[in-house]
Structures are given as C-alpha cells and as structure tokens.
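Pasted the sequence and its predicted model underneath.
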Amino acid sequence: MAGSRAQILKGLGWSALSIAGWIPMYSLAKRVLEHIDAFTLGSVRYGLGALVLAALLIAAEGPRALRYEGRVLPAAVLGLFGITGFNAFVWGGLAYTTPEHAVLIVQMQSPLSALFLWLLRGQRPAGFTLGCIAAAVAGVVLVVTRGELAGVASGAGGRALFGDFLILLGALSWVVYATFSSVFAGWSPLRMTVLTCVPGAAGLLIVNAAAVALGAAAMPAPAALLEIGWQIAYFVLGSVVVAMLAFNAAARHIGPLNALLMLNLTPVGVFAIEAALGRSFSVAELGGALLVVAALAANNLYLRGSSTRR
C-alpha cells in the first residue's frame, strides 16, 4: 500500500507540474502574438524545443537513439501532423479568437479521438461516451457563441469563429499524431517525441519561410524577440520540455487515463488567468466551460472504470 501511495503521490506531483507548464500557454501566446506572428511562434517554440529534447535524449539513451531505424517516413508524417499542423493551426487561430476558446477546443482531443477511431476503424464508442461527447460539444458551442447563436458569424464573432475552426484543425492534427504513435513500439516516449519533433520543427520552418515569401508573415526584428525573451524561454522550456516530460512521467506513475483526467483542470486555470487579467465572462460562457470539463472528466472516469473491470 505504501508503495502504491508513493506512486500516486509522484504521479500527482508530475501531473501538477505538467498542468502548471501548460495553463499559462494560451494566455501568454495571445499576448505574444502582438509582437510576432503565429508562424514565428511555432518555429521558435519547437525549433529550439527539439534541440533541447534531442540533447536530453542523447544524455539519457546515447547518440544511437537519434537513428530512425527505417521509420523516418512515419516519423516525418506524424511530425508534420502533430507538430507542424498543431502549432500552425492553433497559434494561427488564436490570433483571431480568445485563449479560453482555444483551451476548450484543444481539450476536446479525447472525444475527437473516439470519433476518429469510430470513423477509421469502426470502433463505436460506448453510449455513455457518446453522451459525454454531445455534452462537451454543447458546452463548447455555449462558450464560442456566448449563448447567442444569432449573429455569431458576423463581424468580430465571425473572426473568432474562423479562429476557432483553425484551432479545431489543430486539435484534429494532434489526434492523428496520438492515434498512430503506437507505430513506434519499442521506442521510449522521449525518443518518439524527439524523432517526430525534428521533422515537425522542420515543417514549421518551411511553412514559416513560405509565409514570409508570400507576404503572409514577416521576419521578426531582433528587438521584438528580445522584448519577449522570457516568454520565448517559457514556450521552449516550460510548455515543451518540462510539461511534456512531466506528463509522460505522470502517465507512467498513475496511468494515461488518470494523467488525462488531471489535464481537465487546464481550462479552469486559463479562465482564472483571463479573469485576473480583467476578462469578464457571461453566465453562458462559464456554464459552457463547466459543462465541457464535467463531460470530459465523467467520460475519463467511465473509461478508467471500464479498463479496471476488464
């Protein structure tokens, strides 16, 4: 029992660290996008993050761990989806919408994964899961529309809706990444992360260069980067290196489902940050956010119970 309790406490500690690493991400990104564009943010975040993670991989497993061993194509494809796609769509969308919209849509990855597997492999989710998905979608709609469907697609509402759609594409990109990550059986989580981050970061740099060439983005001035130096350090070290490694450690100690359950606290933290920064929320937005968190948590608990009964 003592060993089990120690495992749980370690897992909760790692979960808390991963949550602390990801909660400020959306609010900070929204403010950083006033200084640099979404393409630059993604490139810097994972370009530097991949270098740090690669150094950690070499230290932990040796230089041989950087070899793809015939899996370079699947690693490149998944990296382009999970790293390039997620960052390009989420940060691009956040330029049009709000941090609380972004975190709730990204948090929908678990139900989106269930629907994706149903479409891809015919694995129909349980009725309870489908009910939770419907409730979570309803909650997101409440938050996105602020409870007012009329006129949501016009003016500022239309811009936010466009941003929300881009973020949904980012969330779906990560669903593809997570769904097919099992093809790297035999690799450690750190190795899989690094060897998909490298082509993903390269994809971000290519997209960034193309955007600059087409006039959709601009190379940031060195002064602009220095002005947000500590934010960049957070995005690289806090939101990529520390949070990702902490989540993987939490999953090892308390299981992936419990680690994901803890991540349901992330939207609560984002709403709290935005409220502290002066953002006011309608009853519909708060109610919708609570509905999303409750539905996701209920489904996670149901899945955990189902896995225990097997």
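Noted; the coordinates are in hand. Residues are numbered from 1 along each chain as shown.

list the contacts for the residue nearest to the spatial centre of the chain?
For the chain, the residue nearest the mean C-alpha position is residue 106 (5.8 Å; Cα atoms, centre = their mean). Residue 106 is in contact with 90, 167, 170, 171, 174, counting by Cβ atoms under 8 Å, 6 or more residues apart in numbering. For every residue, glycine as well, the C-beta is placed using N, CA and C.

What distance do you get for it to residue 246?
Counting by Cβ to Cβ, to the nearest Å, the gap from residue 106 to residue 246 is 18 Å.

Residue 181 too?
18 Å.

SS state for residue 97?
Secondary structure state of residue 97, per DSSP: H, G, I helix; E, B strand; the rest coil, is coil.

That one: neighbour count?
Residues within reach of residue 97, counting by other Cβ atoms under 10 Å, total 22.

go on, residue 162?
Residue 162, neighbours per other Cβ under 10 Å, totals 16.

right, and it touches residue 95 too?
No. With contacts counted by Cβ atoms under 8 Å, residue 162 stays clear of residue 95, the gap being 9.9 Å.

quick one: the helices in the stretch 1-150 of the chain?
2-22, 25-32, 38-61, 72-79, 86-94, 99-106, 109-121, 127-145 (DSSP state H, counting those that start in this stretch).

circling back: same drill for residue 181 and residue 246, tell me which one is more crowded.
residue 246 (21 against 17).

Show me which positions of the host helix or strand of the more buried one end up buried.
Taking DSSP states H and E as the criterion, residue 246 maps to helix 243-254. For helix 243-254, the neighbour count (16 or more other Cβ atoms under 10 Å) marks 243, 244, 245, 246, 247, 248, 249, 250, 251, 253, 254 as buried.

Am I right that residue 225 is in contact with residue 232?
Yes. Using Cβ under 8 Å, residue 225 is in contact with residue 232, at 6.8 Å.

Pick out whichever of these two has more residues nearby.
residue 232 (19 against 15).

what about the longest helix in the protein?
For the chain, the helix that runs over the most residues, judged by DSSP state H, is helix 283-309.

for that one, packing partners?
Packing partners of helix 283-309 (3 or more Cβ pairs under 8 Å, 6 or more residues apart in numbering; DSSP states H and E): helix 99-106, helix 109-121, helix 127-145, helix 256-263, helix 266-276.

which strands and helices sit next to the last one?
With contacts defined as 3+ Cβ pairs under 8 Å, 6+ apart, the packing partners of helix 266-276 are helix 2-22, helix 25-32, helix 99-106, helix 283-309.

Just flag the most distant two among the contacts of residue 106.
Farthest pair in those (Cβ to Cβ) is 167 and 174. Separation: 10.8 Å.

among the helices and strands of this protein, which has the poorest mean pLDDT?
Here the helix or strand of the chain ranked lowest by mean pLDDT, DSSP states H and E is helix 256-263, holding a mean of 78.
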